[in-house]
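[1] Sequence below, structure please.
(chains A and B, ligands or ions: 2)
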Amino acid sequence: MSTQTTAQTTTQTRVEPEAGQSAAVTYAPVAENIGAVLTRGDRPKRPSPVAASTAFGWRAMLKIKHVPEQLFDVTAFPIMMVLMFTYLFGGALAGSTEEYLQFLLPGILVTSVIMTTMYTGVAVNTDIAKGIFDRFRTLPVWRPAAMVGYLLGDVLRYVLASITMIVVGLIMGFRPAGGVVGVVAGAGLLVAFSFAFSWIWTMFGLLLRSEKSVMGVSMMVLFPLTFLSNVFVDPATMPGWLQVFVDASPVTHLVSAVRGLMAGAPATGEVAWVLVAGAVIMAVFGTLTMRLYNRK
Amino acid sequence: MDGRVTDLAVETSGLVKVFGDTRAVDGLDLTVPAGTVYGVLGPNGAGKTTAVRMLATLLRPDGGQARVFGHDVVREADAVRSRVSLTGQYASVDEDLTGTENLVLLARLLGHRKPAARDRAGLLLEAFGLSEAAERQVKTYSGGMRRRLDIAASILSTPDLLFLDEPTTGLDPRSRSQVWDIVRAVVAHGTTVLLTTQYLDEADRLAGRIAVIDHGRVIAEGTPGELKSSIGSGTVHVRLRDPAQRPEAQRVLTHALGVPAHAEADPLAVTARVSGTGSEYGAAEDASRVLAELTAAGIVVDDFSLGQPSLDEVFLALTDRPAEPATEEAAA
Ligand SMILES: Nc1ncnc2c1ncn2[C@@H]1O[C@H](COP(=O)(O)OP(=O)(O)OP(=O)(O)O)[C@@H](O)[C@H]1O
Ligand SMILES: [Mg+2]
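    Ligands and ions are numbered 1, 2, ... in the order given. Below you'll find the model as predicted:
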């Protein structure tokens, strides 16, 4: 088997290899050039945790740039969710779709973004399978930086998903009383919580053996968590045992907090609940993630 | 031990790694002097990758000690990480990113600012003959190009010690020799290289010293010359036209070389080791004498070759059993 597409020439090397070889020969390493790179290798100081995390975040952006199709799940999927649920339930549940949308949009926003968090675990898991992880783990950088990098890329996805859905909502007649400030605050809280929540998936990404099992576990957790909540209907209509579950779910609290902010009537207690829950999730699953990362 | 200055790049004693029932590395003792290419030679499953991964701080040893430039790989992992680089057996570059992006990312992770990172990436890509492919995604690269990018990524940090885990397995002959040239250039600059391989000829070409490992431990160690002279410096393979002439051919070979010639499973084949020590031109002189004597005896030879002993033969000589699972050696 020969190296395909070897139209490279050696003309770009600064020190020409053996005279007499035609310009069409394939690469011939030139010791001087390689030596020159090594000599110029002044070793800079190791990067700060922020610089290292930013560099990993940049990698996540590059992946989005090269594989833009992956944004499908943060654009098309949320649009579909808004349209589907508004027209499916709107008439039956709230009398009119317009009225239902005021109730539904913050909730469906939370559902879609929380659902997207599972791709973090998938990304971590695919990278492990490819061996690039070994390279990262031998670098003398702040250890959590690689994980924070994934999440920085994901934060961008959460923001994109939020913007898409809010814009679609506005077009369809969503009129939040909280105004721009309320909507931005609500979306901000959602993105912050999702960042914390994603550490659950970095842990599963490291723990489970295949991409499929990561997907499976994510679905098992996310479907009940998002549907058994106050996203679609008022929990007061549910049987008592279900209300207990729904009231304890972080998604319910998150939805209440986001709804309050967007409606211009912030529920401080709910916001505080969400922030504390986020901090606890991050502390627990962040620690577990780093333990797995160092041990892998 | 104290933190004394050491000119040993790697020093392990009794290193152990167990996976379930498999003792992948089982009491490995290695001493690698700084500034040289050190070859670790062994068949599939010998424990090469496991050993290298422990030395590069990717795996935690289950027993024994390992030091890299005097730093313990477990307790002083960060100090080790800042001085070593690993090019793993399987490519560890990001396929979705371009060549430039891969190197710029690593340069930034090593603390270079963006302009310096770009500059360094450009220089490396040029030195490794990847300038034209620099802006292409790595998934479009050939195996040889990928390997080169992987090695470029590893020397970006100017490591003092570079681990190359089977750097040429799966490459065509031209790509192999490119990698060999790169290794020579890197070591000429003063970087220590620890290279694992399944090919004796590769270790022979590059390494100053070789450790042969099997079942996770060292079974022989020395310079390539020492190892080869302990098993003969080459092998003559003869293929006859007429199987009836084989006993006669065997007799001629034994007589000409002074060592027993083996009848192979193939009824047409005879092989014998040549020492090359007694003749001015080494093994080649022995080989040409064998060929002359075979012709003189009226034996029709269809194929005749002189090759380096294969890893199989090294194993046979060292352990009196073949390397398992069987490794194939490039035709001589
Ligand atoms: N993660 C693992 N889990 C279980 N067993 C493992 C693991 N890694 C390696 N092994 C086993 O340990 C032994 C040594 O494997 P290792 O990969 O170190 O060999 P190697 O010399 O690099 O072989 P090769 O030439 O095939 O790369 C093998 O028997 C292998 O099956
Ligand atoms: Mg291996």
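
[2] For B:Arg67, grab phi and psi.
    Torsion angles at B:Arg67 (phi, psi; degrees, to the nearest 10) stand at phi -130, psi 140.

[3] Any idea what the residue lying closest to it once chain neighbours are set aside is bridged to?
    Take B:Arg67 and drop its neighbours on the chain: the residue closest to it by C-beta to C-beta, 6 or more residues apart in numbering or on different chains is B:Glu11, 4.7 Å away. Glycine gets a C-beta too; all of them are placed from N, C-alpha and C. In this entry, B:Glu11 is beta-bridged to B:Thr31, B:Arg67, by DSSP bridges.

[4] Over to the one 4 residues further on?
    Going by DSSP bridges, B:Leu15 is paired in beta bridges with B:Leu28.

[5] you'd agree it is up against B:Met54?
    Yes: contact criterion C-beta atoms under 8 Å: B:Leu15 and B:Met54 qualify, at 6.5 Å.

[6] where do the contact lists of these two overlap?
    Common neighbours of B:Leu15 and B:Met54, counting by C-beta atoms under 8 Å, 6 or more residues apart in numbering or on different chains, are B:Val25, B:Pro61, B:Ala66.

[7] Most neighbours out of the residues you listed, which is it?
    Each of these was scored for neighbours by other C-beta atoms under 10 Å in any protein chain shown, and B:Val25 scores highest at 32 neighbours.

[8] Could you check how far the most far-flung residue of chain B relative to its centre is from B:Gln245?
    When each C-alpha in chain B is compared with the mean C-alpha position (C-alpha atoms, centre = their mean), B:Gly298 comes out farthest, at 41.0 Å. Distance of B:Gly298 to B:Gln245, computed by C-beta to C-beta, to the nearest Å: 8 Å.

[9] same question, A:Leu156
    Note on A:Leu156: its distance to B:Gln245, by C-beta to C-beta, is 76 Å.

[10] got the contact list for the residue nearest to B:Arg67?
    By C-beta under 8 Å, 6+ apart, the contact list for B:Glu11 reads B:Leu30, B:Thr31, B:Val32, B:Gln65, B:Ala66, B:Arg67, B:Gly70.

[11] ok, so of those residues, who is nearest ligand 2?
    Distance to ligand 2 across those (C-beta to the ion) is lowest for B:Leu30, with 15.8 Å.

[12] which residue sits closest to that closest one, ignoring its sequence neighbours?
    B:Thr12 (4.7 Å).

[13] Could you find the residue nearest the spatial middle of chain B?
    B:Thr197 (2.8 Å).

[14] my read: that residue touches B:Ala203, true?
    Yes: using C-beta under 8 Å, B:Thr197 makes contact with B:Ala203 at a distance of 5.4 Å.

[15] Show me the common contact partners of those two, please.
    With C-beta under 8 Å, 6+ apart, B:Thr197 and B:Ala203 have common neighbours B:Gly39, B:Leu41.

[16] the domain parsing of chain B - what is it?
    Domain ranges of chain B: B:8-229, B:234-307, per automatic domain parsing.

[17] So which of those domains is nearest ligand 1?
    domain B:8-229 (3.1 Å; C-beta to the nearest ligand atom).

[18] and B:Pro167, what are its phi and psi?
    phi -70, psi -20.

[19] Roughly how far does it sit from A:Thr268?
    Distance of B:Pro167 to A:Thr268, given as C-beta to C-beta: 61 Å.

[20] Neighbour count: these two, which is higher?
    The neighbour comparison of B:Pro167 against A:Thr268 (other C-beta under 10 Å) goes to B:Pro167, with 27 against 9.

[21] Quick check: closest non-adjacent residue to that one.
    Nearest to B:Pro167 is B:Val179, by C-beta to C-beta, 6+ apart, at 5.2 Å.

[22] picking up where we left off before, which residues are in contact with the residue nearest to B:Leu30?
    B:Thr12 touches B:Leu28, B:Asp29, B:Leu30, B:Thr31, B:Ala51, B:Leu55, B:Gly64, B:Gln65, B:Ala66, B:Arg67, counting by C-beta under 8 Å, 6+ apart.

[23] any chance you could map the helices in the stretch 1-150 of chain A?
    Applying DSSP state H, counting those that start in this stretch to the stretch 1-150 of chain A gives helices spanning A:31-39, A:49-66, A:72-94, A:97-116, A:118-130, A:132-137, A:145-172.

[24] surely A:Gly35 meets B:Ala188?
    Yes: the criterion here is C-beta under 8 Å, and A:Gly35 meets it with B:Ala188 at 6.6 Å.

[25] In terms of packing, which of those two has more residues around it?
    Each of A:Gly35 and B:Ala188 has its neighbours counted (other C-beta under 10 Å); A:Gly35 has more, 16 against 13.

[26] Next, give phi and psi for the residue lying closest to the more buried one once chain neighbours are set aside.
    Spatial nearest neighbour of A:Gly35, chain neighbours left out: B:His189 (4.7 Å); criterion: C-beta to C-beta, 6+ apart. As for B:His189, its main-chain torsions (degrees, to the nearest 10) stand at phi -80, psi -10.

[27] State the pLDDT value of B:His189.
    B:His189 carries a pLDDT value of 87.

[28] B:Ser13 too?
    For B:Ser13, the pLDDT comes out at 94.

[29] any bit of the helix or strand hosting it sitting next to ligand 1?
    Element membership for B:Ser13, per DSSP states H and E: strand B:8-19. Yes: Strand B:8-19 comes into contact with ligand 1 (C-beta under 6 Å from any ligand atom), by way of B:Phe19.

[30] near chain B, anything from the host helix or strand of A:Trp201?
    Per DSSP H and E: A:Trp201 is located in helix A:199-207. No: between helix A:199-207 and chain B, judged by C-beta under 8 Å from any C-beta of the partner chain, nothing touches; the nearest distance is 14.1 Å.

[31] Which residues does that helix contact?
    Identification of contacts with helix A:199-207 by C-beta under 8 Å, 6+ apart yields A:117-125, A:128, A:147, A:150-151, A:214, A:217-218, A:221, A:281-282, A:285-286, A:288-289, A:292-293, A:296.

[32] Which members of these are classed as buried?
    A:117-125, A:128, A:147, A:150-151, A:214, A:217-218, A:281-282, A:285-286, A:288-289, A:292-293 (16 or more other C-beta atoms under 10 Å in any protein chain shown).

[33] which among the contacts of B:Thr12 end up buried?
    Buried subset of those (neighbour count, 16+ other C-beta under 10 Å): B:Leu28, B:Leu30, B:Ala51, B:Leu55, B:Gly64, B:Ala66, B:Arg67.

[34] Which member of those residues is positioned nearest chain A?
    Lowest distance from chain A to these (C-beta to the nearest C-beta) belongs to B:Leu55, with 10.5 Å.

[35] residues contacting the closest one?
    So B:Leu55 contacts B:Val10, B:Thr12, B:Ala66, B:Val68, B:Val73, B:Val84, B:Phe163, B:Leu194 (C-beta under 8 Å, 6+ apart).
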